[in-house]
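Engineer: Attaching a predicted model along with its sequence, questions to come.
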Amino acid sequence: MTVRTARVQDLLGLLHGLYPSDLAEEWDTVGLQVGDPSATVERILVALDPGGAAVAAASGQGAQLLVTHHPLLFKPLRRLTPEDPVGRVVWQAVRSGVAIVSAHTNLDVAADGLNDWLAARLELTAAEPLQPTAGHLFKLVVFVPADHVEAVAEALFAAGAGHIGGYDQCSFRTAGVGTFRPGPGTTPFIGEAGRRERVEEIRLETVVPQRRLSRVLEKLIKAHPYEEVAYDLVPLANTLPGTGLGRIGHLAEPVTLTALADRLKVVFDCRTVRLVGASERAVGKVAVCGGSGAGLIREAKRRGADVLVTGDIKYHEARLAEDLGLALLDAGHFATERPAVVELAARLGAEAAARGWRLDILIHDGERDPFLVR
Ligand SMILES: [Zn+2]
């Protein structure tokens, strides 16, 4: 394999291949925050937050790209000056030649993303999404002359259609008769202008994720022999396999709430954990959501969880959980998302090596929880 230098846009392509940007929440701003997509990257620093300290660390360690979980730019800036805290970071990043790229809620919900990593650290078995992601899938139906159906199906599969869970090349085919009459000025593949044709066709059905849609349609038009391709594109309400907010699974053996809290201190490397619920109650079915997962309290209860592990729990949310009979363990926003940095760096390293990129990946080790507990 030839070793080559990657560019910012290569890293963006890699990240969005693993954690598609269309999985991000609508309010979120993932992807390139600051920087030139064509700039070369030989060293990356991975951090949780895109603050001034992270940019300084990236620049000080010779990194051209800072990859963070939290995005830098949420609201439009009206002016770009060093007086504004966000403007100052943009200013600093541009001056020091550091591009900033973020993978936020797309990393949270993706299969093999942050919440799967948390479930793995908690050793949850049969972990699945707590709130599955829906509405990112399309049914594609296309009518193909029988002797061209294999070529068209091949082209669709190669472009990313036909994946259902661990299965690929999924399709359904029904034989029928298509009719058409070529109009004036057409050059039909079958038949002649002005005369109605009847052709043995196959109705070929498959599924396409939203992010592959334009590529699949482009390849369909190329591979299909007809001048005008007849196809239906139908949005599906199906959920995406393995994808969604939070995870829910089982501990190998139920433990007390206090014992699980003690385990969290080790796996999330934090000094304190806040508990809601009776300390001696047994918990076996565990929901987890990194960062701020209080919005999932009702869903965790509905799915039968004994406890929700997350961060950023507020007073009334704790009361709600008490009323519902759901225990909570709050290990903090920082501690439950910091694993993203370590795991993301490892994934980027493996993917870069597989592509033959000359790339160092460093972890920003100067980041600390902003909250101190005395
Ligand atoms: Zn967060």
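Structural biologist: Now that the structure is in, tell me what you want to look at. For clarity, every value in this text was computed on a predicted model and none was experimentally measured. Residues are numbered from 1 along each chain as shown.

Engineer: so T174 sits right up against I202, yeah?
Structural biologist: Yes. Look at T174 against I202 with Cβ atoms under 8 Å: they come within range, at 7.0 Å. Quick note: C-beta positions are derived from backbone N, CA and C, even for glycine.

Engineer: in the stretch 1-150 of the chain, what residue is nearest the ion?
Structural biologist: H70 (5.6 Å; Cβ to the ion).

Engineer: likewise the stretch 201-350 of the chain?
Structural biologist: Taking Cβ to the ion, the stretch 201-350 of the chain has G291 as its residue nearest the ion, at 3.5 Å.

Engineer: buried residues in the lengthiest helix in the chain?
Structural biologist: In the chain, assigned by DSSP state H, the helix with the most residues is helix 333-354. Neighbour-count burial for helix 333-354, counted by 16 or more other Cβ atoms under 10 Å, picks out 333-341, 343-345, 347-349, 351-352.

Engineer: okay, stretch 259-278 in CSV with CA atoms only?
Structural biologist: Extracted in CSV, the C-alpha atoms of stretch 259-278 (Å, rounded to 0.1, in the frame of the first residue of the first chain):
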residue,chain,number,x,y,z
ALA,A,259,-22.2,-1.3,43.9
LEU,A,260,-23.0,-0.1,40.3
ALA,A,261,-22.1,3.5,41.4
ASP,A,262,-18.7,2.2,42.7
ARG,A,263,-18.2,0.4,39.4
LEU,A,264,-18.9,3.7,37.5
LYS,A,265,-16.2,5.5,39.4
VAL,A,266,-13.7,2.9,38.0
VAL,A,267,-15.0,2.6,34.4
PHE,A,268,-15.6,6.4,33.9
ASP,A,269,-12.6,7.4,36.0
CYS,A,270,-14.6,9.9,38.2
ARG,A,271,-14.4,10.7,41.9
THR,A,272,-18.1,11.0,42.6
VAL,A,273,-21.4,9.6,41.4
ARG,A,274,-24.8,11.0,42.4
LEU,A,275,-27.5,8.4,43.2
VAL,A,276,-31.3,8.7,43.0
GLY,A,277,-33.1,5.7,44.5
ALA,A,278,-32.7,3.3,47.4
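
Engineer: Buried residues, it. List them.
Structural biologist: L260, A261, R263, L264, V267, F268, C270, V273, L275, V276, G277.

Engineer: With stretch 47-61 instead?
Structural biologist: A47, L48, D49, P50, G51, A54, V55, A56, A57, A58, S59.

Engineer: is it true that the fourth one touches H70?
Structural biologist: Same thing as P50. Yes. Counting by Cβ under 8 Å, H70 is a contact partner of P50 at 6.4 Å.

Engineer: who touches both of these two?
Structural biologist: The contact sets of P50 and H70 overlap at S102 (Cβ atoms under 8 Å, 6 or more residues apart in numbering).

Engineer: Which residue ranges make up each domain of this protein?
Structural biologist: 6-104+338-363, 111-132+244-331, 136-236 (automatic domain parsing).
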